[in-house]
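Peer 1: Okay, sequence plus prediction incoming.
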Amino acid sequence: MTRKYFGTDGVRGRVGQPPMTPDFALKLGWAAGRVFAQASEHPLAIIGKDTRLSGYLFESALEAGFAAAGVSVGMVGPLPTPAIAYLARTFRASVGVVISASHNPYTDNGVKFFSASGRKLAEEVERNIEQLLEQPLETVPSEQIGKAHRIDDAPGRYIEFCKRAFPLTASLDDLKLVVDCAHGATYKVAPPVFRELGASVHAIGNHPDGLNINHECGSTHLQALRDEVRRRNADVGIALDGDGDRCLMVDRQGNAVDGDELLYVIARARHESRELRGPVVGTHMSNLGLELALRKLGLGFERAAVGDRYVLERLEETGGTLGGESSGHIVCLDRTTTGDGIVSALQVLAEMVRTGKPLAELVKPVEKYPQVLINVPVKGAARAIVEAAAVQGALKAGERKLNGRGRILLRPSGTEPLVRVMVEARDERESRETAESIAAEVRAAAH
């Protein structure tokens, strides 16, 4: 059975359109509740959200669905996705639920789940939930209906968790930071984490109004952060995304530092401290420069499919502890169970403190290949468009043109109605020409 509603990161869509409607959220909460109620005598769901206005709507619907399935609910309000994974573990909950569409605009929303261990759900569990979605909703007997309560100290619990991911004997006393919270879920917790570790912090993107999440800010729009870092003569800028599981950085000159470069800094630090286990895991989008830089350190590097779910799966298969994506999803399994933007930033800052080196110097060994990425919006089934004969023909022609001097990645997005065309080669002009020729065929096949 293929999954009908779940993508690579839960259920996601435009608010008010299937599947992101109130009635579907109610049924989703009930179906998930039915699945997780079987594992506990007193099942509990922890529900958090980002700052989208529609979060109120889906929060109420999910709460009702879980209650109808006999599952009690702990509500924590706006908190980062990784905070829910952490709280699900510490409260011994049956499931953690996040209402968020991550880096997407406020017009989108989604629902994703974490297991009791703080990990993404296995595909088999998602299939079980989908099977129940096809059945009529039946409320448990009145005496078994779930209760709901607020967990008021959840932000403080998560702040302390993040601080424990930073070396106990170190501090950020000498660093001046600019932190962009993307008007999202980290706005209450990220600045205090860095301040309480000693840094001088100026926060931007920390005034959410329900509609401005990710709007010209955060990890998908670095210009405001770059300008503020230069204006304040800060040591580093930290860009989080709307739900707080991604992190990009800006060095003191205002240059962007992506997830590949941050992953290298953390991998080298772990290697030198002899803490690194297994290969470092990236994705098919990871820059070839990262692979070559890690190879110079004698470190193994493996590529997984795009999506932190697949990075995590590969880490578990190889016994590894560190992986990530160019987009800033970095997974440090020796510190937490899922991608965490704040925890990732702290690992890089710890290395800056330990070495006394600026960020630009730490990432210098990663000589990045020019990488051209074109996102082509599509209306039909993205996978069918990718597999169209004309598109596959353009792909093969591009591979012949590069003749081993680079690589091409053509794939449907797992979270948006897009086909992604990525070409990586030493010659940027050749990369762009190749990418544009393939993208043109994708556009033609999409109409």
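Peer 2: Cool, the structure landed. Residues are numbered from 1 along each chain as shown.
Peer 1: Surely residue 395 is in contact with residue 409?
Peer 2: No - when contacts are counted by C-beta atoms under 8 Å, residue 395 is not listed as touching residue 409 (9.8 Å). C-beta coordinates here come from the backbone N, C-alpha and C atoms, glycine included.
Peer 1: which one of the two has more residues nearby?
Peer 2: residue 395 (20 against 17; other C-beta atoms under 10 Å).
Peer 1: which helices and strands does the longest helix seen in the chain pack with?
Peer 2: Of all the segments of type helix in the chain, defined by DSSP state H, the longest one is helix 428-446. Using 3 or more C-beta pairs under 8 Å, 6 or more residues apart in numbering; DSSP states H and E as the contact criterion, the elements in contact with helix 428-446 are strand 371-377, helix 382-386, helix 389-402, strand 406-412, strand 418-425.
Peer 1: Mind listing the strands the last one pairs with, and their directions?
Peer 2: Looking at strand 418-425 with DSSP bridges, its partner strands are strand 371-377 (antiparallel), strand 406-412 (antiparallel).
Peer 1: okay, the angle between that strand and helix 389-402?
Peer 2: Between the axis of strand 418-425 and that of helix 389-402 there is an angle of 10 degrees, by axes from the mean of the first three to the mean of the last three C-alpha atoms, to 10 degrees.
Peer 1: List of residues touching strand 418-425?
Peer 2: Applying C-beta atoms under 8 Å, 6 or more residues apart in numbering, the set of residues contacting strand 418-425 from outside is 285, 287-288, 369-378, 382, 385-386, 398, 402, 405-413, 431-432, 434-435, 438-439, 442, 446.
Peer 1: what's near enough to touch the closest residue to residue 202 other than its chain neighbours?
Peer 2: Distances taken as C-beta to C-beta, 6 or more residues apart in numbering place residue 178 nearest to residue 202, at 5.1 Å, with adjacent residues excluded. Contacts for residue 178 (C-beta under 8 Å, 6+ apart) come out as 201-204, 225, 228-229, 232, 234, 236-238, 250.
Peer 1: Report pLDDT for residue 178.
Peer 2: Residue 178 is assigned a pLDDT of 98 by the prediction.
Peer 1: Now it: phi and psi?
Peer 2: With angles defined as degrees, to the nearest 10, residue 178 sits at phi -110, psi 130.
Peer 1: which residues does it bridge with?
Peer 2: When bridges are called by DSSP bridges, residue 178 pairs up with residue 202, residue 237.
Peer 1: and which of the contacts of residue 178 is nearest to residue 90?
Peer 2: Taking C-beta to C-beta as the measure, residue 238 is the one of the contacts of residue 178 closest to residue 90, at 25.0 Å.
Peer 1: what about that closest one, distance to residue 181?
Peer 2: With distances taken as C-beta to C-beta, to the nearest Å, residue 238 is found 9 Å from residue 181.
Peer 1: Now do the shared contacts for those two.
Peer 2: With contacts taken as C-beta under 8 Å, 6+ apart, the residues that reach both residue 238 and residue 181 are residue 190.
Peer 1: Find me the pLDDT at the residue positioned nearest the centre of the chain, would you?
Peer 2: By C-alpha atoms, centre = their mean, the mean C-alpha position of the chain lies nearest to residue 245, the distance being 4.3 Å. Here the pLDDT value assigned to residue 245 is 97.
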